[in-house]
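1. Predicted structure and sequence below. I'll ask about it afterward.
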Amino acid sequence: MRHYWSHGEKPRRGAHDFLWALWRWSALGFVQPDGRGAPRDALAAIRPAAKRVIRGCRRLVPGGRPSAARLGFGYGTAPLANAWFERGMPVHRHYLEQFLASSAADIRGRCLEFQEDSYSTRFGGSRVSRVDILHKEPDPRYPQATLHADLTAANDIPGGAFDCIVCTYVLHVIPDLDRFVAELHRLLADGGVLLVAVPGITITYPQYGELWRFTCEGLHRVLARSFGAAHVETRPYGNSLTAAGELRGLAVDDFTRGEIDEHDARYPLLVCARAVKAGREGAR
Ligand SMILES: C[S@@+](CC[C@H](N)C(=O)[O-])C[C@H]1O[C@@H](n2cnc3c(N)ncnc32)[C@H](O)[C@@H]1O
């Protein structure tokens with residue numbers, strides 16, 4: 001394809017010349033004034049773009065996936081959905097379950113979980129002897145809570161009471177993180193394990209008093225102040241596609257397995273950590 005400027009011609013003055021130049025620069029500008037070479041040039045010009053479009057369409061075929069919702073990914077400023085589970089399993093919850101499944105052996109004995117006991121029960125199974133559900137304050141929506149306490153203030157929960165604390169989506173609403181984490185450390189028995197999941201690159205819900213977003217490094221520092229750096233491991237979940245997808249309202253089924261399972265530390269949608277309370281006999 002030869003463009004106006006690539007002919008070495010000087011731009012000519014006048015509206016006609018300007019419009020003609022624009023035309024030649026435009027997508028259809030490969031058509032020469034005398035029609036010479038137009039079909040071949042045209043094909044050569046559009047072939048790479050056509051290949052990309054065909055490749056994209058193949059991926060939209062069911063089975064070849066991902067879903068048709070991906071078509072709307074780049075259009076409009078509003079997300080396709082922003083309500084919980086509106087389009088299926090939210091990507092961050094899928095990652096959270098992946099993390100808990102990989103840490104299932106730690107969920108054992110007496111456990112503590114916030115708001116609900118669903119994760120301890122599901123991933124701990126028969127290893128769990130008892131689950132306490134903690135809420136900061138009594139809330140009629142969560143009548144199953146067994147403990148009410150502000151863990152950033154004095155409370156009467158005995159230290160060393162738990163073998164495992166499942167602390168998912170809690171730290172990002174806590175103003176005094178150091179005090180809270182120190183309290184989690186106190187509540188754990190020696191060798192007990194704290195499993196944490198916090199948001200990285202995700203939607204913010206101001207109505208829930210959200211304060212923080214985390215990186216692996218940031219979460220590691222926060223936990224290391226109480227647990228010691230050697231006893232904390234962090235793990236990023238997500239990549240630029242799934243992080244952007246969740247922001248745009250896509251759910252797990254909108255991605256291929258390969259897309260979901262790639263984790264890029266530069267784009268953590270979810271940040272998880274395992275921290276062990278080192279006891280007198282050392283951490284397990
Ligand atoms: C967003 S909910 C956690 C939800 C659930 N774990 C999940 O994965 O979606 C936050 C929980 O932290 C508790 N919480 C907030 N501030 C607290 C505090 N200072 N002390 C103890 N619990 C607190 C709330 O009562 C609530 O149960």
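-> Yep, that arrived.
2. show me where this protein has helices.
-> For the chain, helices defined by DSSP state H occupy the ranges 15-25, 38-60, 91-102, 118-124, 177-187, 216-227, 240-247, 257-260.
3. Up against the ligand, what does the chain have?
-> 114-115, 134-136, 149-152, 168-170, 173-174 (C-beta under 6 Å from any ligand atom). C-beta coordinates here come from the backbone N, C-alpha and C atoms, glycine included.
4. that older thread, by mean pLDDT, show me the worst of the helices of the chain.
-> When the helices of the chain are ranked by mean pLDDT, helix 15-25 comes last with a mean of 54.
5. Residue 232 is in contact with residue 224, correct?
-> Yes - in terms of C-beta atoms under 8 Å, residue 224 counts as a neighbour of residue 232; the distance is 5.1 Å.
6. more neighbours, these two?
-> Neighbour count, other C-beta atoms under 10 Å: between residue 224 and residue 232, residue 232 has more, with 21 against 17.
7. residues contacting that one?
-> By C-beta atoms under 8 Å, 6 or more residues apart in numbering, the residues touching residue 232 are 220, 223-224, 273-275.
8. Could you tell me the end-to-end distance of stretch 121-128?
-> 7 Å (C-alpha to C-alpha, to the nearest Å).
9. Just the buried residues of that stretch, please?
-> Using 16 or more other C-beta atoms under 10 Å as the test for burial, stretch 121-128 gives 123-124, 127-128.
10. Repeat that for stretch 125-139.
-> Result for stretch 125-139 [16+ other C-beta under 10 Å]: buried residues 127-128, 131-136.
11. Next one: the residue nearest to residue 240 when sequence neighbours are not counted from the ligand, what distance?
-> Nearest residue to residue 240 in three dimensions, chain neighbours excluded: residue 267, at 4.4 Å (C-beta to C-beta, 6 or more residues apart in numbering). Counting by C-beta to the nearest ligand atom, to the nearest Å, the gap from residue 267 to the ligand is 21 Å.
12. So residue 267 is in contact with residue 243, correct?
-> Yes - between residue 267 and residue 243 there is a contact under C-beta under 8 Å: 4.7 Å.
13. quick one, which of those two is more surrounded?
-> Shown here are residue 267 and residue 243; by other C-beta under 10 Å, residue 243 has more neighbours (22 against 18).
14. which residues does that one contact?
-> By C-beta under 8 Å, 6+ apart, the contact list for residue 243 reads 200-202, 267-269.
15. Show me the strands paired with the lengthiest strand in the chain, marking each as parallel or antiparallel.
-> Assignment by DSSP state E gives strand 188-199 as the longest strand of the chain. When sheet partners are counted by DSSP bridges, strand 188-199 sits next to strand 162-168 (parallel), strand 270-276 (antiparallel).
16. got the ones you listed as JSON lines, with mean pLDDT and mean neighbour count columns?
-> Converted to JSON lines, the strands paired with strand 188-199 look like this (pLDDT from 0 to 100; neighbours: other C-beta atoms under 10 Å):
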{"stretch": "strand 162-168", "mean pLDDT": "98", "mean neighbour count": "25"}
{"stretch": "strand 270-276", "mean pLDDT": "98", "mean neighbour count": "25"}
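17. Which among those strands is found nearest to residue 178?
-> strand 270-276 (13.8 Å; C-beta to C-beta).
18. Run through who's touching the closest one.
-> 92, 95-96, 99, 103, 106, 185, 191-200, 202, 214-216, 219-220, 223, 226-227, 231-238, 283-284.
19. the inter-axis angle of it versus helix 216-227?
-> On the basis of axes from the mean of the first three to the mean of the last three C-alpha atoms, to 10 degrees, strand 270-276 is oriented at 20 degrees to helix 216-227.
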